[in-house]
Structure formats: structure tokens, C-alpha cells
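Peer 1: give me the fold of what follows.
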Amino acid sequence: MTRVYVGSGEVPPSGFDVRLVLGEHIYTGSSDFQQKFGSPTTLESDWLNLAAAVFAVDRGLQRGAREDISRRIELSVPIVNVTQIQPLLPEIERVLRSLSNDSWRLIVRQQNGVPESTFSAQSSGGKTLLFSGGLDSLAAAFEFGGNSHLHLVSHITRNQQTRSTQHELVTILSQSGLTLPHDQFFVSSRDADNFDHDIESTQRTRSFLFMVLGALVARRLGHEKVLMIAENGQLAIHLSLNHARVGAFSTHTAHPDVLAMMQHILRTSVAVTFELLNPYVYRTKSEVIESLWKNLPTSIPVANSCWKNTRLPGGTTHCGECIPCYVRRIAIEKHGTDKTAYARDVFSQNVPSLPPTDEGRRNLVDLCEFVVRFKDQSDLDLMSDWPELYSPNMDAAQAIQMYRRASQEAVAVLSQYAGVAPLLQ
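Peer 2: Prediction:
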């Protein structure tokens with residue numbers, strides 16, 4: 001187990017592997033929050049500190065290979081409002097395990113300060129959308145921004161591509177006649193002893209941070225109705241592609257179970273009765289982007305879907321070999337030509353002849369295996385193979401039909417490539 005102590009500069013007790021200082025090694029977004037809304041309350045600061053610490057540790061502790069991909073993490077964080085947050089720790093740990101498939105143990109230490117007593121904001125009836133700069137959140141901004149008061153909330157690190165992409169997409173929306181308020185929050189980290197702040201690229205707890213930021217903004221704006229995280233059902237439900245990918249090889253950043261747990265946690269803690277929902281949970285990515293293809297086609301190459309966009313050759317925006325890139329490309333090519341700048345065009349290669357260790361080959365083989373199973377198997381067999389479909393927070397029948405449509409879309413696109421078509425047999 002890796003033990004991490006987050007503090008304000010004090011010397012931690014013995015036994016910790018990593019020491020991180022708030023404001024020195026961890027940037028919590030509090031300065032952006034203060035600039036937009038005034039000084040955060042102690043409860044808001046507690047949540048910013050906790051979420052930023054989780055995200056920093058997730059990025060700074062490298063996973064092992066294959067069977068060692070899961071990590072065991074203990075994180076100690078200073079909190080003022082201990083009585084409000086400590087009872088929620090078991091549920092928060094469950095969320096983090098669902099997101100990252102690591103073992104998390106959270107410890108909160110009593111910090112000096114005055115606990116938040118009461119908080120009130122005038123209800124405005126608006127909605128808050130978590131705006132990542134990807135196609136799905138862009139589609140939601142376009143779909144829901146025209147007939148409601150929609151406020152966009154973004155998280156940024158030092159990654160200039162993400163920052164500039166979000167700005168460019170907001171500009172494109174504005175030029176189309178849809179001017180929406182947009183707030184960016186800088187939450188990032190720096191190297192420390194025994195800590196390389198961005199060594200791990202998966203960043204699976206980013207959605208935990210994202211939902212906390214969205215909840216705090218919704219709270220200040222008086223948005224008591226809806227907090228939206230928009231992600232297509234393929235990647236929101238994110239069934240494992242095969243048995244080898246069960247566990248930490250598959251992430252659940254917007255899974256209905258995660259959203260239900262986070263809704264309860266945030267409602268209980270910040271005392272706002274909003275609904276945390278994903279409007280696209282039963283849509284394929286192709287279905288999600290249809291409105292963009294018809295109305296804002298120039299925005300599609302700009303929006304970013306890639307997990308690896310910080311480590312790409314110049315002139316490219318997507319790696320072209322990760323699962324999100326494949327899902328994106330299939331969705332776009334279902335409608336027409338994909339103008340995205342991919343670093344690699346795996347679809348045009350003779351995939352079966354690539355080495356088994358080739359990441360692009362491995363990902364595409366697994367995706368095609370998944371596609372064939374949803375094309376051929378009965379609903380009963382699918383429920384047996386993926387028992388996670390039995391969830392009180394999800395309609396299994398709708399989920400299966402969504403995946404069947406996604407499989408049909410994938411077959412229609414991939415069968416056009418001679419080096420990929422054999423994988424669909």
C-alpha cells in the first residue's frame with residue numbers, strides 16, 4: 001500500500017511514502033472558484049481539497065502491468081467539516097473503487113477552521129453541464145443550451161490542448177448563435193519527493209473531481225434541478241470488452257451506479273437536491289453526435305476524445321489506437337468522412353498481421369470480439385456474460401439494445417477495411 005499525506009506544510013507522522021502540500025504540490029481550483037463566486041466556504045474548500053488530492057494521487061502513482069494494474073492507496077487529507085464528510089467516506093471509497101478499480105482508504109484529519117453552518121442561494125432553475133471538450137459534452141451543450149439556462153463547467157490541468165479545445169468549442173457554439181457561460185477550473189499538481197505528478201495517464205478519478213466541481217458551481221448558481229455529465233452509453237456503461245479486461249482495464253467514469261452514488265454523496269453533503277444525470281446513457285456515440293454532424297460539422301475535428309492527448313506527435317490530436325479513438329472514429333464514419341488528426345491509422349493496416357503486443361491491434365481485436373458477441377448472442381446470454389447489467393440504476397433491455405445498435409454501426413464501418421473485416425467473422 002502507498003500511503004500519501006496531504007497537508008499545509010507540516011511534517012507528517014512517520015510511515016508515509018509521499019508528502020504533498022496544498023498550494024505547493026496540489027492546486028485545488030480554489031483561486032478560480034474565489035474569482036467567480038467569492039471566497040469558498042470551509043465545506044466547499046474541504047471538497048475542493050479532497051477531490052484535488054484524489055485526482056493528484058491518481059495521476060502521480062503509476063500502475064503496474066497486467067495483473068499488477070490495480071493499486072492500494074491510503075490518502076490522508078485535512079478537513080474542517082469532518083462531521084459532514086467522514087460519514088460519507090465508505091461511500092466515497094466505493095465510488096473511487098468503481099472509477100479506478102484500485103483499493104482506496106481515505107482518512108480525514110481535523111483541520112482548524114469554522115465549520116459551515118448554513119448556506120443558501122436563490123434558485124435560478126438553470127442546469128449545469130460538465131464540459132470536457134469532447135464530442136459528447138459538446139453535443140449536450142448544443143442540444144440543451146438553446147432552450148434552457150445552461151452553465152458550462154470545465155476542468156483543466158497544464159494540458160494546453162484541453163484548455164484551448166474547450167475555448168475553441170465555446171467560440172464555435174457562440175458563432176452558431178448559442179452563447180453559454182463557461183467556467184474553467186485549474187486543478188493540477190506538481191512533482192514532489194517520490195512523486196511524479198503525471199506519470200499515470202489513465203486519470204480515471206477525473207470524473208469524481210469533475211462532479212464535485214459541477215456540484216459546487218450548481219450550488220452557487222442555485223441550479224437545483226439538473227447537473228449533467230454527458231457521455232454516450234457505450235463508454236458510460238462501459239461493459240468490459242472481454243474477460244481479460246474485467247477490473248482495472250475498464251473504467252466506469254459515468255456509469256449509472258457511480259452517478260447514483262455521487263448524487264447521494266453530494267446531495268447529503270452540500271445540501272442541494274439536484275439530479276445528477278447522463279442524458280445519453282442509452283444512445284450510441286454515433287447517435288449522440290448526429291446533431292453536430294448536421295448542424296456544426298466543423299466542430300467535430302476540434303472536439304477531443306482521446307485518453308492520450310498529452311503525449312502525441314505535433315500536428316495530431318488523437319492517438320488513433322485507444323478504445324475511445326475507435327469508438328469516436330466509428331461514430332463519425334457512420335455519418336461520413338472523419339477529418340480528425342489521428343497519430344495512427346490502424347483501420348488501414350493489416351491488423352491480424354500486427355504483433356500480438358501491438359496496442360492498436362490488441363484494442364481493435366478486443367473491440368471486434370465484443371461487437372460480434374452483441375451481434376450474435378441472445379439477450380439472456382448477454383445478461384449471463386455481463387451480470388453488471390443487473391443494476392437498479394440501469395434499464396438492462398435499453399442498454400442491450402443500445403449496444404446492439406453500436407455493434408451494427410461498428411460492423412458497417414469496419415467491414416469496409418480489408419485489414420479489419422476478418423476480425424468480424
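
Peer 1: in this structure, which spans are strands?
Peer 2: Remark: strands assigned in the chain by DSSP state E are 2-7, 18-21, 26-27, 72-79, 103-110, 127-130, 150-156, 182-186, 188-189, 226-229, 275-277.

Peer 1: which one of these lies nearest to residue 89?
Peer 2: strand 103-110 (5.0 Å; CB to CB). From N, CA and C alone the C-beta is placed, and that goes for glycine too.

Peer 1: can you point out the buried residues in that closest one?
Peer 2: Across strand 103-110, burial judged by 16 or more other CB atoms under 10 Å covers 104, 106, 108.

Peer 1: circling back: hey, least reliable of the strands of the chain by pLDDT?
Peer 2: Mean pLDDT is lowest for strand 226-229 out of those, coming in at a mean of 86.

Peer 1: what lines up beside that one in the sheet?
Peer 2: strand 127-130 (parallel), strand 275-277 (parallel) (DSSP bridges).

Peer 1: want to throw the buried residues of strand 103-110 into TSV with distance to residue 1?
Peer 2: Formatted as TSV, the buried residues of strand 103-110 follow (distance: CB to CB, whole Å):
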residue	distance to residue 1
104	10
106	13
108	18
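
Peer 1: ok, so of the residues you listed, who is nearest residue 368?
Peer 2: residue 104 (33.7 Å).

Peer 1: can you pull the poorly scored residue ranges out of this structure?
Peer 2: Applying pLDDT under 70 to the chain picks out residues 244-251.

Peer 1: hmm, 50 instead?
Peer 2: Within the chain, the segments meeting pLDDT under 50 span 247-249.

Peer 1: for the spatially most central residue of it, which non-adjacent residue is spatially closest?
Peer 2: For the chain, the residue nearest the mean C-alpha position is residue 207 (4.1 Å; CA atoms, centre = their mean). Among residues not flanking residue 207 along the chain, residue 253 sits closest, at 3.9 Å (CB to CB, 6 or more residues apart in numbering).

Peer 1: which phi and psi does the one you found have?
Peer 2: Per-residue torsions, residue 253: phi -60, psi -30 (degrees, to the nearest 10).

Peer 1: before we move on, back to that, tell me which of the strands of the chain sits nearest to residue 195.
Peer 2: That would be strand 18-21 among the strands of the chain, by CB to CB, at 4.9 Å.

Peer 1: packing partners of the closest one?
Peer 2: Helices and strands touching strand 18-21, as assessed by 3 or more CB pairs under 8 Å, 6 or more residues apart in numbering; DSSP states H and E, comprise strand 2-7, helix 42-60.

Peer 1: could you list the buried residues of the first one?
Peer 2: Neighbour counts using 16+ other CB under 10 Å place 2-7 of strand 2-7 among the buried residues.

Peer 1: and those, which is closest to residue 191?
Peer 2: residue 4 (13.9 Å).

Peer 1: my guess is the closest one meets residue 74, correct?
Peer 2: Yes - in this structure residue 4 lies within contact range of residue 74 using CB atoms under 8 Å: 6.8 Å.

Peer 1: ok, residue 154 touching residue 187?
Peer 2: No - under the criterion of CB under 8 Å, residue 154 is not in contact with residue 187, lying 10.4 Å apart.

Peer 1: re earlier: ok, now which ones touch the residue nearest to residue 207?
Peer 2: The contact partners of residue 253, taken as CB atoms under 8 Å, 6 or more residues apart in numbering, are 99, 204, 206-207, 231, 235-236, 238.

Peer 1: fine by me, we can end here.
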